[in-house]
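Q: Sequence and predicted structure are below.
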Amino acid sequence: MKNNSISQLNPAVLQQVIVTACILCLMMIILFNLSFGQVALGLDRLSLAVFAPDTDPVATQIVRDIRLPRILTGLIAGAALGISGVLMQALFRNPMADAWSLGLLAGGQLGVALIVTAAAFAGPAALAFLTAFQGVGLTAGAIIGVTVFAFIMAGLSRRVNNITLLVVGLMLGFTVQGLVSIVMHFANRIGGRVFSGWNDGTFAGTEFADLGFILVPTLIGLLIACFSAKGLSAMLLGETYARSMGAEVKKLRWLTLAAVVLLVAPITAYCGPITFIGLIVPHFARAIARTSQIVKLLPIAALCGALLATIADAIVHLPWDQHFLHLNAILALVGAPVVIGLLLTNQGLRGRI
Amino acid sequence: MLKLTNLCAGYAGPRGKVLSNVALSVAAGTFVCVVGRNGVGKSTLLRTISGLQGPLMGEVSLNQVNLHEMTAQSRARLISVVTTDRISSPGLTARDVIELGRQPYTNWRGQLTQADKAAVENAMHRLNTKRFADKPLDGLSDGERQRVMISRALAQNADVMVLDEITAFLDLPGRVEVMSLLRRYAHTSEKIVLLSSHDLELSLELADQIWIVDDGKVVCGSATDKTVQNALSSAFDTSDVAYDPSRRQFKLKQASS
């Protein structure tokens, strides 16, 4: 009976209810993340830290310098990765495409590993510079790596089918793992620590000053995504149909790829390779929006991505006994079963890969 | 009027030129069937006419405007295309697909105006696709899916509609229904419909104009023309079957062994 009453609801109303619930949920988790962690702050200390910073310097430092940048980074990263997933799944016409499954993150890993090793050979000064963690070097390495691999995969995608492309992405991941392990052998211990700290993925490594470097490319990527959305919707029917309906496919591919790089590369540089968000968020967004028209998916994907990232971040920073958990471990625990479930229950999906 | 002038169609690669010196013209309101054996270049011809690939030589023009010298968006207002590709996309409903047909007219966000919505409704009405409009495309039968793709092309409201082998998935009543519907559409809306099909007898029955693609050339005329009948014989006759013009059918030859 209950099921009946839900299905009788007007889909548009239902969608609004779900979106509102997601926003409320997101706000509650943000509040939770602000007040809980290794040090639990009550609402009173939290409001003091926000509105009267001088009265409680400890709480102020925790909230303003540690938790707030972390939460904002999580929100931006989640939204950016969610949107990048929607773009990639439309561009590659592959429901399992995202920056991670197609090896773009592996490119970022390789780039960072090479930079770290180069710095180790260049001497302690360069390494000291790198240990500042979000150095320009790591960012450059990640961005170059992601970009190069994005264009390799886009070139390949015109020659091979979806399943081949996914396997190639997977194999690129393994290749990079091997390469990184060898390269790291030649980097010294500090370099290795810099890399593995980056590689675990975290939203906690950023400060307020870094947010601009994440936010600006993300906004540009978002802008391009909005402009490509109409053409990408047409691309859902394949290249021939898209062209026959007026899309300039070549330009569209370049623009979308540029948007993906702008959305993924800075996040990867500052937060490490974040898995699964880009892969599963588009599926949630399609289920909520009840369409795969890209224009309608973008805001919902951004919301779902931000929500997923923030929830995972909340679990990571619960007051665990020893140390924080790893972000990618939590995302894998949520993401992998979702992917398996999607593949096993959704026949249309299986046919498409 | 659609006009092909000295058109050579084909590919740059090893396949090279497929058709040469095609010169044809089609008036508005004509239902054209394109027939020919497998691999003779029907699809190449139709892709070239629809602007999906450039001509090797010559030109395709619609009302004196060269179709290959305009932007994809303005061309999409003149020519719509339906292919035989089996489209599937998770989450896309039939209505979504038909609404995509309005893209050449919508703003950068793809927002539908009242006029766009009316065109979509009209297209759904003509092909009777409204009853499964809100179902996911992936859940439809091949025949229903094909109707959705044709509705989408109708919603595009172009002067020329090009359909390549679209009846392959349909059973005989379905084919007759779709082809007569397209014929009626061409006649009542003053549009040109180009349809390639392997269903020779049905094509001969319904087409206002037949194009026979054979041996790098295109022969054009009505089903009763002597040239068309000769071209049909030379294109399709084998040692076992022969075309019988009086009955517009293929007949088995007497077994000679």
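A: Nice, I can see it.
Q: Low-confidence stretches in the stretch 101-250 of chain B?
A: Within the stretch 101-250 of chain B, not a single segment meets pLDDT under 70.
Q: swap in chain A?
A: For chain A (pLDDT under 70), the answer is A:1-9, A:123-135, A:347-353.
Q: Give me every residue in it lying close to chain B.
A: Applying CB under 8 Å from any CB of the partner chain, we find that chain A lies next to chain B at A:93, A:95, A:226-227, A:229-230, A:233-234, A:236-238, A:240-241, A:243-248, A:286-287, A:289-293, A:295, A:346, A:348-349, A:351-352. Any C-beta I mention is one placed from the backbone N, CA and C, and that applies to glycine too.
Q: Only whichever of those residues are buried, select them in PyMOL.
A: Listed next is the PyMOL selection for buried residues among the residues of chain A next to chain B, using 16 or more other CB atoms under 10 Å in any protein chain shown:
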select buried, chain A and resi 93+95+226+227+229+230+233+234+236+237+238+240+241+243+244+245+246+247+286+289+290+291+292+293+295+348+349+352
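Q: Around A:His211, how many other residues sit close by?
A: Heads up, residue A:211 is Leu, not His. 16 (other CB atoms under 10 Å in any protein chain shown).
Q: and the residue nearest the centre of chain A, what is it in contact with?
A: What sits nearest the mean C-alpha location of chain A, by CA atoms, centre = their mean, is A:Leu81, with 3.1 Å. Neighbour list for A:Leu81: A:98-99, A:263-264, A:267, A:274, A:277-278, A:281, A:305, A:309 [criterion: CB atoms under 8 Å, 6 or more residues apart in numbering or on different chains].
Q: got it, and A:Gly111?
A: Per CB under 8 Å, 6+ apart, neighbours of A:Gly111: A:140-146, A:148.
Q: Now which of these would you call buried?
A: Looks like the contacts of A:Gly111 have A:141-146, A:148 buried, using 16+ other CB under 10 Å.
Q: Could you export the residues you listed to a markdown table, including columns for distance to A:Val168 and secondary structure?
A: Putting the buried ones among the contacts of A:Gly111 into a markdown table (distance: CB to CB, whole Å; DSSP: H, G, I helix; E, B strand; the rest coil) gives the following:
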| residue | distance to A:Val168 | secondary structure |
| --- | --- | --- |
| A:Gly141 | 22 | helix |
| A:Ala142 | 21 | helix |
| A:Ile143 | 22 | helix |
| A:Ile144 | 20 | helix |
| A:Gly145 | 16 | helix |
| A:Val146 | 16 | helix |
| A:Val148 | 15 | helix |
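Q: Among the contacts of A:Gly111, which one lies nearest to A:Gly169?
A: Of all the contacts of A:Gly111, A:Gly169 sits closest to A:Val146, with 12.9 Å by CB to CB.
Q: check contacts around the closest one.
A: A:99, A:104-105, A:107-108, A:111, A:261, A:264-265, A:268.
Q: can you pick the most crowded of these?
A: A:Val264 (36 neighbours).
Q: Quickly find the element holding that residue.
A: Assigned by DSSP states H and E, A:Val264 belongs to helix A:249-271.
Q: How about A:Gly82?
A: Counting by DSSP H and E, A:Gly82 is found in helix A:68-91.
Q: Contact residues of chain B facing chain A?
A: So far as CB under 8 Å from any CB goes, chain B lies against chain A at B:50-52, B:71-77, B:79-81, B:83, B:85, B:87-93, B:96-97, B:100-101, B:103-104, B:106, B:108-110, B:136, B:138-139, B:156.
Q: Beta-bridge partners for the residue nearest to the spatial centre of chain B, please?
A: Nearest to the mean C-alpha position of chain B, by CA atoms, centre = their mean, lies B:Leu163 at 2.2 Å. In this entry, B:Leu163 is beta-bridged to B:Val82, B:Leu195, by DSSP bridges.
Q: which non-adjacent residue is nearest A:Trp198?
A: Leaving aside its sequence neighbours, A:Trp198 sits nearest to A:Gly272 (CB to CB, 6 or more residues apart in numbering or on different chains; 4.8 Å).
Q: can you tell me how far the residue of the stretch 151-257 of chain B found nearest chain A sits from B:Ile98?
A: Residue nearest to chain A within the stretch 151-257 of chain B (CB to the nearest CB): B:Gln156, separated by 6.9 Å. Noted for B:Gln156: a distance of 10 Å to B:Ile98, by CB to CB, to the nearest Å.
Q: ditto for A:Leu68
A: From A:Leu68 to B:Ile98 the distance is 47 Å (CB to CB).
Q: just how off-centre is the longest helix belonging to chain B within its chain?
A: Longest helix in chain B, counting residues (DSSP state H): helix B:172-189. Helix B:172-189 has its C-alpha centroid displaced from the chain centroid by 12 Å (CA atoms, centre = their mean, to the nearest Å).
Q: Repeat that for stretch A:22-29.
A: 19 Å.
Q: Name the residues of that stretch that are buried.
A: A:22, A:26, A:29.
Q: Contacts for that stretch next, please.
A: A:288, A:303-304, A:306-307, A:310-311, A:314.
Q: Quickly find the element holding residue 230.
A: Let's take chain A. Short version, using DSSP H and E: A:Lys230 is in helix A:208-235.
Q: looking at chain B here, not the other one
A: helix B:226-236.
Q: same thing with A:Thr206?
A: Going by DSSP H and E, A:Thr206 is not in any helix or strand.
Q: That one: neighbour count?
A: A:Thr206: 22 neighbours (other CB under 10 Å).
Q: now the one 4 residues further on
A: Other residues within reach of A:Asp210 by the criterion other CB under 10 Å amount to 18.
Q: these two touch, right, it and A:Tyr270?
A: Yes. The criterion here is CB atoms under 8 Å, and A:Asp210 meets it with A:Tyr270 at 5.9 Å.
Q: where along the stretch 1-150 of chain A do the helices fall?
A: A:2-8, A:11-35, A:43-51, A:57-60, A:68-91, A:104-122, A:124-131, A:136-157 (DSSP state H, counting those that start in this stretch).
Q: For the contacts of A:Leu81, give me TSV that also has distance to B:Pro173.
A: What follows is the contacts of A:Leu81, written out as TSV (distance: CB to CB, whole Å):
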residue	distance to B:Pro173
A:Asp98	44
A:Ala99	49
A:Leu263	50
A:Val264	51
A:Ile267	55
A:Ile274	54
A:Ile277	49
A:Gly278	46
A:Val281	45
A:Gly305	48
A:Ala309	54
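Q: Counting neighbours, which of these comes out on top?
A: A:Val264 (36 neighbours).
Q: List the contacts of the spatially closest residue to it that is not a sequence neighbour.
A: Spatial nearest neighbour of A:Val264, chain neighbours left out: A:Ala99 (4.4 Å); criterion: CB to CB, 6+ apart. Neighbour list for A:Ala99: A:81, A:84-85, A:88, A:105, A:146, A:260, A:264, A:268, A:278 [criterion: CB under 8 Å, 6+ apart].
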